[in-house]
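J.: everything below, folded, please.
(2 chains)
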Amino acid sequence: MIITYLRRIEWFVALVLIQVLVLNNVHIAGYATPFIYIYMILKMSSGTSRSELILWAFSIGLLVDIFSDTPGMNAAAATFIAFIRPVFLRLFTQRDSTDEFIPAIKTIGASSFIKYVVVCVLFHHAALLMIESFSLLDLNVLLIKIGASSLLTVLCIMGIEGFKK
Amino acid sequence: MRNLLNFLIKYNYWFLFILLEVTSFTLLFRFNHYQKSSFFTSSNVAAGEIYKLKGSVTSYFFLKDANEDLLDRNMLLEQQITNLRKELQERGVDSLDVDSIKDRAINDLHVIKANVINNSLTKADNYLTLDKGSDAGIHSEMGVIDRNGVVGIVYMTTPKYSVVLSMLNTKSRIGCKILGSGYFGTLRWEGSDSRYAYLNDLPRHAKFSLGDTLVTSGYSDVFPAGVMVGTIDHIGNSKDGLSYQLKIRIATDFGKLSSVRVLPKSNPMERRLLEEMANKQQ
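T.: Predicted coordinates for the structure are as follows:
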């Protein structure tokens, strides 16, 4: 139990540092910025209670916000994604058993895992970038930003997954 | 009653979700108005320390460029000094007077040097973090420049750090005039490209041409008159067609900011008193 929490905190600190020190400075072609910190929310065990999930997401979002002077934006988007994650997880896994599992290629299969990651990342980025621009005036730019950033984040998440094996 | 309690317990995550979202949005909106909420920004102690560490590493990457810029500038200033000295000698001014000018220049300007430890370019509202704060004499609404031109205006400070409203921020407004002709307008940044900003409200009869230099107007006490801002890159029309809208190439390279100078204010109290008096008389 304690070990799970320690590992979680390790990931928490590492992801926040990677996000604010490295990835916040990445803007490929002025559009694509990966937001890797949601990896932590995606990889929480399926048995985690919703309240716990939401609290972790809020705190990691708020910490990223504090560092990047965007108070509330990342926190709001991360809380939102933690709130709807269980729905997507149920949608993309066909297992009937109620035992706990951590979402990964090994546990739920490659195609469902990729679908799950892509949908979650898309929703998160859409929420975050819409809050940031706070208007739908430049809809094209907004859509390009969401698409490009999501692609980059998914690639990064798959990279970490491959690297961890 | 029991059903109600069961319902509340079962769906407690709904309330948590709504509570946290409300908290987030309160933070988001309060940041725009309430200037003392610096705890939730990168000017708090922990975030400041980490960014200082990062800044001390990354500042080495731009040393060569900075050095070359400084050498160029040094050469230019030396040339100017020799020219001015020659001019003064031709007019027969006593050398003691020349020396006293130098002293006066030093006394007048309590410029504060600071290093940029965090910076962003591509958000809709960009802010910078400096490694000096109110302990070093920095207060909000002071102007910030670097060796090439205007950078922004101090937004909020803690004892050790300060957050600067970058020129690349939709909230930024800088009063500028065209060097030579003296026509003035407000410089705004409209998002997307960190190299360009737009000068609005320039009257139709103003005369200028592509490549003209834009400097601060000095009408506010944030920047003195004549600080370099940029050059005219494209001439367009405003949305209502009543005035020009100029595309300005910003002189400051926000991509490699490292050391900046914070400008002190010149007698803000006196000026404000005068303006209040004028308002009362109306």
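
J.: surely A:S51 touches B:L16?
T.: Yes: contact between A:S51 and B:L16 holds when scored by C-beta atoms under 8 Å: they sit 5.1 Å apart. Placement of C-beta: from N, CA and C, glycine included.

J.: between those two, which is the more surrounded one?
T.: B:L16 (20 against 15; other C-beta atoms under 10 Å in any protein chain shown).

J.: how far away is the nearest residue to B:D135 once chain neighbours are set aside from B:Q80?
T.: Among residues not flanking B:D135 along the chain, B:P159 sits closest, at 4.8 Å (C-beta to C-beta, 6 or more residues apart in numbering or on different chains). When distance is defined by C-beta to C-beta, to the nearest Å, B:P159 is 38 Å away from B:Q80.

J.: please apply the same query to B:N200.
T.: B:N200 is 33 Å from B:Q80, where distance means C-beta to C-beta.

J.: higher neighbour count, the two?
T.: B:N200 (16 against 10).

J.: and chain A, is the helix or strand where that one lies touching that?
T.: If you go by DSSP states H and E, B:N200 is part of strand B:196-202. No: Strand B:196-202 does not reach chain A (C-beta under 8 Å from any C-beta of the partner chain); its nearest approach is 12.2 Å.

J.: for that strand, packing partners?
T.: Judged by 3 or more C-beta pairs under 8 Å, 6 or more residues apart in numbering or on different chains; DSSP states H and E, strand B:196-202 is in contact with strand B:184-188, strand B:244-250.

J.: in the chain, where is pLDDT below threshold?
T.: Picked chain A for this. A:95-98, A:135-137, A:165 (pLDDT under 70).

J.: please refer instead to chain B.
T.: Short version for chain B, where the test is pLDDT under 70: B:31-43, B:93-109, B:266-272, B:282.

J.: remind me, longest strand of it?
T.: Using DSSP state E to define each element, chain B has its longest strand at strand B:228-237.

J.: can you tell me the strand partners of it and which way each runs?
T.: strand B:213-216 (antiparallel), strand B:244-250 (antiparallel) (DSSP bridges).

J.: between those strands, which one is nearest to B:L5?
T.: Between B:L5 and those, the tightest spacing by C-beta to C-beta is seen for strand B:244-250, at 60.7 Å.

J.: run the angle between the closest one and strand B:184-188 for me.
T.: Put simply, strand B:244-250 runs at 60 degrees to strand B:184-188, going by axes from the mean of the first three to the mean of the last three C-alpha atoms, to 10 degrees.

J.: and the stretch 1-150 of chain B, which residues reach chain A?
T.: B:12-13, B:16-17, B:20-21, B:23-31, B:37, B:40-42, B:44, B:47, B:50-51, B:54, B:118, B:120-124, B:127, B:129.
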